[in-house]
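Novice: I need the structure of the sequence given here:
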Amino acid sequence: LQEPGNGHKQLLLVKQDAKLEVAGPAMFVGRRRELQQALRVLAGRERTGVLLHGMGRLGKSSLATRLVDRRPDLTLAVVFGDYSALGVVSALDRVLKEHAPAHEMLEAGRAKVRDGGAAALQTLLIALLAGPCAGTRPGDKPLLLLVDDLEQVLDPDPAGGRHQVKTAMPEERAVLAALLQAFEPRRSQSRLLLT
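Specialist: Numbers count the residues shown, from 1 in each chain. Predicted structure coming up:
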């Protein structure tokens with residue numbers, strides 16, 4: 001996270017050349033109950049993570065950033081725009097380059113994910129989350145994987161029900177399923193955050 005000097009906006013680093021602008025701490029007001037509830041879920045062992053949902057431009061990414069601020073023990077990786085299996089691997093590798101065991105595992109698994117898609121991603125993530133990103137041994141680096149702006153791949157239900165992954169995006173549907181399966185809370189202290 002990077003804070004500009006004026007304190008009005010905060011930039012959430014996604015990639016070297018891409019940043020998300022979110023409300024800075026001074027601008028972020030309210031949502032205390034939601035913040036506390038989400039922090040309890042992230043700290044617990046019963047849930048994979050947290051889903052922040054609502055209409056666009058209502059502060060989901062800003063709330064996610066406040067959650068990230070309060071969990072400095074977790075290594076933040078951000079998936080934004082590229083929700084493919086290789087997009088997830090790239091997002092993880094960007095933040096785990098300096099963590100040799102995790103980086104080596106991601107590099108070794110990249111070709112398998114390229115060939116095997118979401119199924120190979122799930123296998124790689126399970127090994128990563130149970131291994132160097134478990135958070136249960138010294139040197140482990142548990143993750144907080146933020147999948148932001150997910151509405152890009154969703155279609156609203158005209159009847160007002162739940163949104164669905166767009167039928168034209170079967171890979172993204174499979175990737176989301178792989179993420180939900182891999183981030184099993186009893187496997188690791190790593191958590192998933194979806195907005």
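
Novice: closest to the centroid, which residue in the chain?
Specialist: Residue closest to the average C-alpha location in the chain (CA atoms, centre = their mean): Leu146, at 2.0 Å.

Novice: which strands and helices lie in contact with the one helix or strand that one maps to?
Specialist: Assigning secondary structure by DSSP states H and E places Leu146 in strand 143-148. Secondary-structure packing of strand 143-148 (3 or more CB pairs under 8 Å, 6 or more residues apart in numbering; DSSP states H and E): helix 60-69, strand 75-80, helix 85-96, helix 170-182, strand 191-194. To be clear about C-beta, it is placed using only N, CA and C from the backbone, and glycine gets the same treatment.

Novice: just checking, next helix/strand downstream of that strand?
Specialist: Counting by DSSP H and E, the element after strand 143-148 in chain order, helix or strand, is strand 154-155.

Novice: strand partners (parallel or antiparallel) of the helix or strand following that following strand?
Specialist: Counting by DSSP H and E, the next helix or strand C-terminal to strand 154-155 is strand 164-165. Sheet pairing of strand 164-165 (DSSP bridges) gives strand 154-155 (antiparallel).

Novice: list the contacts of the strand it pairs with.
Specialist: Identification of contacts with strand 154-155 by CB atoms under 8 Å, 6 or more residues apart in numbering yields His163, Gln164, Val165, Lys166, Thr167.
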